[in-house]
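J.: would you be able to build a 3D model of this:
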Amino acid sequence: MAGPDITEEIYSVAAITNWLSKGLGKILPPNIKPNFDKLALGGHSRGGKTSFAVALRKLNITTDLNFSAIIGVDPVDGMDKGKQTSPPILTYVPHSFDYDMATLVIGSGLGDVKKNPLFPPCAPKGVNHEDFFSECVKPSWYFVAKDYGHLDMLDDYTPGVRGKFSYCLCKNGESRKPMRTFVGGVMVAFLKAYLYGDNVDLLAIREGKVRVPVAIKSDDFM
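T.: Numbering: from 1, shown residues only. From the prediction side, this is the model:
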């Protein structure tokens, strides 16, 4: 219920990023050393939008550390084209994102479908994963889970009022587990490729050489 403006989220992510190099080492076990040369940023829905906002240095933020990769899990930039929430991210200019890092965009095939007549779709056309990928720059990867919805990567049991709303507001697939497994798997494959130079699993997913738990509507890349 935070409202449509993500300004505070952007500042929070920047503050946490700037804390990492100063504070993370102090709370880790002595034999664990963080490697800040391999840092990724990601989020779901408005969290995906926030991740792109930080990568694009919106609101003139600065961070002490650089990111090597960014992941948007069904990112959304508002209610509709022309109804973006503040600050807007999409410019509708292809390949216009001005950053130097690898990108993974994961979309939901049912995200732009209404659950019922009372509520709008949770990831409307014009401000969803399609538009984010269109503005990405190389190297970028794009997968869409055909028969799953905007919140199907959540836990099966989501308690509380907001947890119950997650089943009522958005169009859902038959089960969350396949989508959750796919999202986790493709994220790991992407990070192995761009943080550790091992692209075997990512290429296998793209080329259909490994079995995935969902039907993929799109497996584009550039």
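
J.: who's sitting farthest from the centroid in this structure?
T.: Farthest-out residue of the chain from its mean C-alpha position, per C-alpha atoms, centre = their mean: Pro30, at 32.0 Å.

J.: per-residue pLDDT of it, please?
T.: pLDDT recorded at Pro30 is 91.

J.: using the three-state scheme, assign it.
T.: Here Pro30 is recorded as coil under DSSP: H, G, I helix; E, B strand; the rest coil.

J.: likewise for Lys22?
T.: Here Lys22 is recorded as helix under three-state DSSP.

J.: now it: how far from Gly43?
T.: 23 Å (C-beta to C-beta, to the nearest Å). (C-beta placed from N, C-alpha, C; glycine too.)

J.: these two - which one has more neighbours?
T.: Gly43 (21 against 9; other C-beta atoms under 10 Å).

J.: apart from its chain neighbours, what residue comes closest to the more buried one?
T.: Excluding the flanking residues, the one nearest Gly43 by C-beta to C-beta, 6 or more residues apart in numbering is Ser51, at 4.4 Å.

J.: which elements pack onto the helix or strand where that neighbour lies?
T.: Ser51 is part of helix 46-55 when elements are defined by DSSP states H and E. Here helix 46-55 touches helix 7-19, strand 40-44, strand 69-73, going by 3 or more C-beta pairs under 8 Å, 6 or more residues apart in numbering; DSSP states H and E.

J.: in the protein, where is pLDDT below threshold?
T.: Within the chain, the stretches with pLDDT under 70 are 1-3.

J.: tell me where it has strands.
T.: The residue ranges that make up the strands of the chain, judged by DSSP state E, are 40-44, 69-73, 102-108, 140-145, 216-221.

J.: so which of these has the densest surroundings on average?
T.: strand 102-108 (a mean of 27; mean count of other C-beta atoms under 10 Å).

J.: pull up the pairing partners for it, direction included.
T.: Counting by DSSP bridges, the strands paired with strand 102-108 are strand 69-73 (parallel), strand 140-145 (parallel).
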